[in-house]
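# Prediction below, plus the sequence it came from.
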Amino acid sequence: MEYKAIRSRQIKKQEEELKDLRKVILDEGNYPTIEQIYERAGRFRELWSIAVSGDKLREEWGVEEAGAVDCI
């Protein structure tokens with residue numbers, strides 16, 4: 001009888017672990033693909049370059065406000 005109780009607990013534990021694994025697999029759908037990561041990194045680099053260029057222009061022209069650089 002004790003063997004059956006132990007075996008039953010082991011089965012329940014394995015079923016819970018299986019449910020957890022299924023959750024992990026389902027959650028992976030929320031992560032971006034490699035292509036999306038590269039696309040986002042490229043967009044970030046582009047925006048970063050624009051921001052750095054704007055800072056350099058402000059320094060060169062001695063402009064305090066960011067809006068004034070946009071008309072150059």
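Perfect, I can see it now.

# tell me the helices in the chain, going along the chain?
With helices called from DSSP state H, the chain shows them at 2-27, 34-61, 66-70.

# Reformat those helices as CSV; add mean neighbour count.
Yep, even glycine has a C-beta here, placed from its N, CA and C like the rest. Converted to CSV, those look like this (neighbours: other CB atoms under 10 Å):
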stretch, mean neighbour count
helix 2-27, 9
helix 34-61, 11
helix 66-70, 11
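
# which stretch in these has the least confidence?
Set side by side, these give their lowest mean pLDDT on helix 66-70, at a mean of 51.

# how's the chain carved up into domains?
Using automatic domain parsing, the domains assigned to the chain come out as 1-31, 32-72.

# Distance check, residue 48 against residue 37.
Note on residue 48: its distance to residue 37, by CB to CB, to the nearest Å, is 16 Å.

# Repeat that for residue 21.
According to CB to CB, residue 21 and residue 37 sit 25 Å apart.

# swap in residue 5?
Residue 5 sits 49 Å away from residue 37, going by CB to CB.

# can you check residue 31 too?
9 Å.

# Over to residue 15?
Taking CB to CB as the measure, residue 15 falls 35 Å from residue 37.

# Equivalent analysis for residue 62, please.
Plainly put, residue 62 is 39 Å away from residue 37 if you go by CB to CB.

# before we move on, what about residue 22?
With distances taken as CB to CB, residue 22 is found 25 Å from residue 37.

# How about residue 16?
From residue 16 to residue 37 the distance is 33 Å (CB to CB).

# try residue 19
With distances taken as CB to CB, residue 19 is found 29 Å from residue 37.

# ok, now which ones touch residue 32?
Contacts of residue 32 were listed using CB atoms under 8 Å, 6 or more residues apart in numbering, and they are residue 40.

# what phi and what psi does the backbone show at it?
Per-residue torsions, residue 32: phi -70, psi 160 (degrees, to the nearest 10).

# how far away is it from residue 40?
For residue 32, the distance to residue 40 (CB to CB) stands at 7 Å.

# and what of residue 49?
Plainly put, residue 49 is 15 Å away from residue 40 if you go by CB to CB.

# Then residue 15?
Plainly put, residue 15 is 38 Å away from residue 40 if you go by CB to CB.
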